[in-house]
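Colleague: would you be able to build a 3D model of this:
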Amino acid sequence: MIQVNNNPFPYDNNMTISDILKKKKYMDHMIVVRINGNHVRPEEYNTKVVKDGDDVKVIHLFGGG
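Modeller: Residues are numbered from 1 along each chain as shown. This is a model prediction of the structure:
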């Protein structure tokens, strides 16, 4: 089990950030991702594999005026 935004989320072996974003229906062009407090660059989303017990934060960015 991992945590995604402080909620339990099922863990699968070899699950990448992109897999999580797809399952949660997040749009990855306007977000910031952190794993255990460490920033993950967008170019790593397809290759960065999460581990059982990881704490993933997905932060949506938006602008306003």
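
Colleague: so where's this protein shaky on pLDDT?
Modeller: Within the chain, the stretches with pLDDT under 70 are 28, 64-65.

Colleague: now the helices for it?
Modeller: 17-24 (DSSP state H).

Colleague: show me where it has strands.
Modeller: 2-4, 7-9, 31-35, 38-40, 55-60 (DSSP state E).

Colleague: so what's residue 8 up against?
Modeller: Residues in contact with residue 8 (CB atoms under 8 Å, 6 or more residues apart in numbering) are 1-2. To be clear about C-beta, it is placed using only N, CA and C from the backbone, and glycine gets the same treatment.

Colleague: same thing with the one 3 residues further on?
Modeller: Taking CB under 8 Å, 6+ apart as the contact definition, residue 11 lies against 1-2, 50, 52.

Colleague: for PyMOL, write the select line for the buried members of those.
Modeller: A single PyMOL command selects the buried members of the contacts of residue 11 (16 or more other CB atoms under 10 Å):
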select buried, resi 2+50
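
Colleague: between the contacts of residue 11, which is closest to residue 18?
Modeller: Of all the contacts of residue 11, residue 18 sits closest to residue 50, with 10.8 Å by CB to CB.

Colleague: verify the contact between the closest one and residue 15 for me.
Modeller: Yes - counting by CB atoms under 8 Å, residue 15 is a contact partner of residue 50 at 5.4 Å.

Colleague: got any residues that touch both of those two?
Modeller: Counting by CB under 8 Å, 6+ apart, the residues touching both residue 50 and residue 15 are residue 2.

Colleague: before we move on, back to that, in CSV, list the strands of the chain along with distance to residue 24.
Modeller: Shown next, in CSV, are these (distance: least, CB to CB, whole Å):
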stretch, distance to residue 24
strand 2-4, 7
strand 7-9, 8
strand 31-35, 10
strand 38-40, 15
strand 55-60, 7
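
Colleague: out of the ones you listed, nearest to residue 23?
Modeller: Nearest of these to residue 23, taken as CB to CB: strand 7-9 at 8.1 Å.

Colleague: that closest one pairs with which strands, and in what direction?
Modeller: strand 2-4 (antiparallel) (DSSP bridges).

Colleague: tell me how many other residues crowd residue 32.
Modeller: 13 (other CB atoms under 10 Å).
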